[in-house]
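Peer 1: Based on what follows, work out the 3D shape:
(one chain, ligands or ions: 2)
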Amino acid sequence: MFTKPSIYYILGTPNAGERDPLKLLEEALKGGISHFQLREKGMNALTGQSLKEFALKCQALCRKYGVPFIINDDVELAHELNADGVHVGQEDAKASDVRARVGDRMMLGVSVHSVEEAAEAIQNGADYLGMGPIYGTKSKSDAKAPSGVSKIIQVRERFPEAPVIGIGGITADNAEAVWEAGAAGIAVISAITEAGNVQEEVQKMVASYKGAIL
Ligand SMILES: C=C1C=NC(C(F)(F)F)=NC1=N
Ligand SMILES: [Mg+2]
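Peer 2: Numbering: from 1, shown residues only. Ligands and ions are numbered 1, 2, ... in the order given. Predicted coordinates for the structure are as follows:
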């Protein structure tokens, strides 16, 4: 499910600015991302039928490249589209309710900020844990203060079997510390979305894993 180094691209139309989100996604897929999450939130976020149509296009692209298509927050949309996964935060639907709703086939990701939250998420059927923000982020308006990799290290010690995805301000240049903390993957929004050459940026992130002392 999360072979190292997993590069988990997250995007919503508000993040893309003037760029075409579907072109960004296809370039990232060509560059070698291992997972994609549609996270449609914030200013002018799509809703209803236009969100569904956009989600279907993203899902079709992911399918073309054999990459799991995961939807953030919107459990009903994930269920309706038979997405490969759904990701929920602490303030979203409870992981146990989501698992009951989507069944065992769908990947379930949960954002956690402590060993206690990690324990509860795993107990409730989480397949992977999103942890951050590692560094400062501009992609999440209500992000907590950056915590570095210390919490990832704690969770890895306590739950060595649980895949942890680091998120928050991660770039090819600062990813090494996240790999060294034992993350199975890094989640990225801006560094890929704003890259001059998207494919190259993804390849640099994959290469950052080889540079890490593991
Ligand atoms: C808030 C989030 C935290 N982590 C993740 C993921 F990278 F998927 F684990 N996605 C989110 N939307
Ligand atoms: Mg959420």
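Peer 1: Spell out which parts of this protein neighbour ligand 1.
Peer 2: With CB under 6 Å from any ligand atom as the criterion, the chain meets ligand 1 at residues 8, 10, 37, 39, 72, 87, 89, 109, 111, 130, 165, 167, 187. For the C-beta atoms, the positions are set from N, CA and C on the backbone; glycine is no exception.
Peer 1: how about the third one, phi and psi?
Peer 2: The one in question is residue 37. phi -120, psi 130 (degrees, to the nearest 10).
Peer 1: residues touching it, list them.
Peer 2: Residue 37 makes contacts with 8, 9, 10, 11, 70, 71, 72, 85, 87, 187, as judged by CB atoms under 8 Å, 6 or more residues apart in numbering.
Peer 1: Pull the most distant pair out of the residues of the chain next to ligand 1.
Peer 2: 8 and 89 (15.3 Å; CB to CB).
Peer 1: what helices or strands is the top helix by length along the chain leaning on?
Peer 2: Looking across the chain with DSSP state H, the single longest helix is helix 48-64. For helix 48-64, the elements it packs on are helix 21-31, strand 35-38, strand 69-72, helix 75-81, judged by 3 or more CB pairs under 8 Å, 6 or more residues apart in numbering; DSSP states H and E.
Peer 1: Now do the last one, average pLDDT.
Peer 2: For helix 75-81, mean pLDDT is 97.
Peer 1: So it, near ligand 2 or not?
Peer 2: No: applying CB under 5 Å from the ion, one finds helix 75-81 out of contact with ligand 2, separated by at least 10.4 Å.
Peer 1: Let me know the next secondary structure element after that helix.
Peer 2: strand 85-88 (DSSP states H and E).
Peer 1: what about whichever residue of the chain sits closest to ligand 2, neighbour count?
Peer 2: Of all residues in the chain, residue 89 sits closest to ligand 2, at 3.4 Å by CB to the ion. Applying other CB atoms under 10 Å, we find 16 residues neighbouring residue 89.
Peer 1: Make sure it is actually in contact with residue 41.
Peer 2: No: the criterion here is CB atoms under 8 Å, and residue 89 misses it with residue 41 at 10.7 Å.
Peer 1: quick one: common contacting residues for the two?
Peer 2: Counting by CB under 8 Å, 6+ apart, the residues touching both residue 89 and residue 41 are residue 73.
Peer 1: Let's have the residues of the chain next to ligand 1 in TSV, adding pLDDT.
Peer 2: As requested, the residues of the chain next to ligand 1 are exported to TSV (pLDDT from 0 to 100):
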residue	pLDDT
8	98
10	98
37	98
39	98
72	98
87	98
89	96
109	98
111	98
130	98
165	98
167	98
187	98
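Peer 1: Wasn't residue 165 part of a helix?
Peer 2: No: using DSSP: H, G, I helix; E, B strand; the rest coil, the assignment for residue 165 is strand, not a helix.
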